[in-house]
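Colleague: Pasting a predicted model and its sequence here:
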Amino acid sequence: MPNSPLRFIISGGGTGGHIFPAVAIANELRRRLPDAEILFVGANGRMEMTRVPDAGYKIVGLDITGLQRRLTPQNLMFPVRVFRSVRKAGKLIEEFRPDAVVGVGGYASAPVLLAATSRAIPSLIQEQNSYAGLVNKLLAKRVNRICVAYDGMEKFFPADKLVLTGNPVRTEISRGDRAEALHFFGLDPNKKTLLVVGGSLGARTLNQATAAALPRLREAGIQLLWQTGKLYFPEARQQADQAAGLHALEFIQRMDLAYAAADVVISRAGALSVSELCLTGKASILVPSPNVAEDHQTKNALALVSKGAAVLITDEHASERLYDEALRLLSDPERQQQLSLRVRELARPDATVTIVDELLKLVKRVKS
Ligand SMILES: CC(=O)N[C@H]1[C@@H](OP(=O)(O)OP(=O)(O)OC[C@H]2O[C@@H](n3ccc(=O)[nH]c3=O)[C@H](O)[C@@H]2O)O[C@H](CO)[C@@H](O)[C@@H]1O
């Protein structure tokens, strides 16, 4: 390894499912190489522009968005924005001079990986899902290594570049302390707690089903941590009842404590949510989003459900069945225990370390 500190750019974002794996990789780099310089590159206006600085890292934003499915004035500007973003990414790369670049998916990773690979800078993609994202598919031929979380990804990527690592989860996620968590959220240690998470942006179906179930939860003496996302939060705040232990939260900063407090979790089946449920060993009911490419959340959920490690309720059936199932599970500690044991078996606690090993191998190869 050279004496001067290594430099890394981590690019991508859009939603938590891209941002938090990127933060996990950065944290592991910083743990191993305390002097390393790490710069994030995201898309202006997207979630990474606040969440990444919250996690303690610098981020630069590009003016890049996706293509709308309809013909809109925004779409006409699309090629111009792509051109400008690639140019800005190229400038950033020349100024920052990274030893390697990581792409985690999402729009901002495209111009950055393009600019890096055209300058022969080592590059690695981390793909979270069992169905490859568009940006990652387009760039697969140009990058050096592709770290994936599921078998069978040769369908999308060159087999010789693939490494099966699992998804990188922030280490603190599975270290939350239950007593601290109950105190943090103002919950009663003598009551059961249900956590509802609609992915990083919130989920309408889960919000509607939860709002309708509030009287049943109150009657059953169940406490609730209900993550609503931005849009539904004002309404949910009116509907929830803190005095009865029913809490609505727009976004949960301390997911470690939210998981630690929960007896049962209702969740969308985004790739990182699923990986976190495995690591925290939580009994869960998964409601895959029907609005994602190739129905990939159902595939994420089935990886657990087919092993008896989680319960699946489809989005379509959530309004009638979700809370019957949740109340049943909350009153059945034995079943919770069974799900917990099985889901833990599917965890890949070494994912982040393996990804950083791969990244450092690429750097070493170039430097030696
Ligand atoms: C609608 C959509 O496009 N969803 C995709 C998005 O999901 P989404 O962004 O919802 O991602 P995931 O479920 O994979 O991960 C959510 C992440 O946000 C964190 N979190 C969530 C809520 C909260 O209040 N606080 C918080 O910190 C979770 O701990 C987790 O780390 O990216 C995932 C990974 O590519 C995909 O599998 C999903 O299909």
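Modeller: Received it, and whenever you're ready, just let me know what you need. Residues are numbered from 1 along each chain as shown.
Colleague: ok, and the closest non-adjacent residue to T352?
Modeller: Taking C-beta to C-beta, 6 or more residues apart in numbering as the measure, T352 lies nearest to P168, with 3.9 Å between them; neighbours along the chain are not counted. (Glycine included, C-beta is placed from N, CA and C.)
Colleague: And what about that neighbour, helix, strand or coil?
Modeller: Using DSSP: H, G, I helix; E, B strand; the rest coil, the structure places P168 in coil.
Colleague: ok, it to the ligand distance?
Modeller: Distance of P168 to the ligand, computed by C-beta to the nearest ligand atom, to the nearest Å: 10 Å.
Colleague: I'd assumed I25 was in contact with that residue.
Modeller: Yes: P168 lies in contact with I25 (C-beta atoms under 8 Å); the separation is 5.3 Å.
Colleague: And those two? Which one has more around it.
Modeller: When P168 and I25 are compared on other C-beta atoms under 10 Å, the one with more neighbours turns out to be P168, at 30 against 25.
Colleague: can you list the domains in the chain?
Modeller: Taking automatic domain parsing as the criterion, the chain consists of the domains 7-167+349-367, 172-345.
Colleague: comparing these, which gets the lowest mean pLDDT score?
Modeller: Comparing mean pLDDT across these, the lowest value falls on domain 7-167+349-367: a mean of 93.
Colleague: Quick check, pLDDT for the residue nearest to T352.
Modeller: P168 is assigned a predicted lDDT (pLDDT) of 98.
Colleague: contacting residues around A258?
Modeller: When contacts are counted by C-beta atoms under 8 Å, 6 or more residues apart in numbering, A258 is found next to 176, 181, 185, 195, 197, 225, 227, 252.
Colleague: just checking, which of those belong to strands?
Modeller: Filtering these for membership in strands, criterion DSSP state E, returns 195, 197, 225, 227.
Colleague: Contacts only, for S200.
Modeller: Applying C-beta under 8 Å, 6+ apart to S200 gives the contacts 15-17, 19-20, 47, 251, 270.
Colleague: What about the residue of the stretch 151-300 of the chain found nearest the ligand, how many residues nearby?
Modeller: At 2.0 Å from the ligand, G270 is the closest residue in the stretch 151-300 of the chain, using C-beta to the nearest ligand atom. G270 is flanked by 29 other residues according to other C-beta under 10 Å.
Colleague: now swap in A240 and tell me
Modeller: A240 sits with 21 neighbouring residues when counted by other C-beta under 10 Å.
Colleague: isn't it right next to P234, touching?
Modeller: No: if you go by C-beta under 8 Å, A240 and P234 don't touch, sitting 11.3 Å apart.
Colleague: beta partners for the nearest residue to N44 once chain neighbours are set aside?
Modeller: Of all residues beyond its chain neighbours, the one nearest N44 is G61 (3.7 Å), with distances taken as C-beta to C-beta, 6+ apart. Here G61 sits in beta bridges with G42, going by DSSP bridges.
Colleague: Name the nearest residue to G202, sequence neighbours excluded.
Modeller: Nearest non-adjacent residue to G202, counting by C-beta to C-beta, 6+ apart: G229, 1.5 Å away.
Colleague: May I have the secondary structure class of that neighbour?
Modeller: Three-state call for G229 (three-state DSSP): coil.
Colleague: Any figure for the gap between it and K137?
Modeller: Per C-beta to C-beta, to the nearest Å, G229 is found 28 Å from K137.
Colleague: and the two? which has more neighbours close in?
Modeller: G229 (20 against 14).
Colleague: Longest helix of this protein, counting residues only.
Modeller: Secondary structure of the chain read by DSSP state H shows that its longest helix is helix 78-96.
Colleague: ok now the helix or strand just after it, how far from the chain's centre?
Modeller: Toward the C-terminus, helix 78-96 is succeeded by strand 100-103 as the next helix or strand (DSSP states H and E). Computed by C-alpha atoms, centre = their mean, to the nearest Å, the separation of strand 100-103 from the middle of its chain amounts to 18 Å.
Colleague: Identify all contacting residues around strand 100-103.
Modeller: 6, 8-12, 22, 25, 93, 109-110, 112-113, 116, 121-126, 135-136, 139, 143, 359, 362-363.
Colleague: 7 Å - rerun?
Modeller: Outside strand 100-103, the residues within contact range by C-beta atoms under 7 Å, 6 or more residues apart in numbering are 8-12, 25, 109, 112-113, 116, 121-126, 139, 359, 362-363.
Colleague: pull the CA atoms of that strand into PDB?
Modeller: Backbone C-alpha positions of strand 100-103 (Å, rounded to 0.1, in the frame of the first residue of the first chain) are rendered in PDB as follows:
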ATOM      1  CA  ALA A 100     -11.100   3.700  -6.700                       C
ATOM      2  CA  VAL A 101     -14.700   4.500  -7.300                       C
ATOM      3  CA  VAL A 102     -17.800   2.600  -6.000                       C
ATOM      4  CA  GLY A 103     -21.300   2.800  -7.600                       C
END
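Colleague: quick check: angle from the helix or strand following that strand to helix 78-96?
Modeller: Past strand 100-103, heading to the C-terminal end, the next element that is a helix or strand (DSSP H and E) is helix 109-118. Angle of helix 109-118 versus helix 78-96, following axes from the mean of the first three to the mean of the last three C-alpha atoms, to 10 degrees, is 50 degrees.
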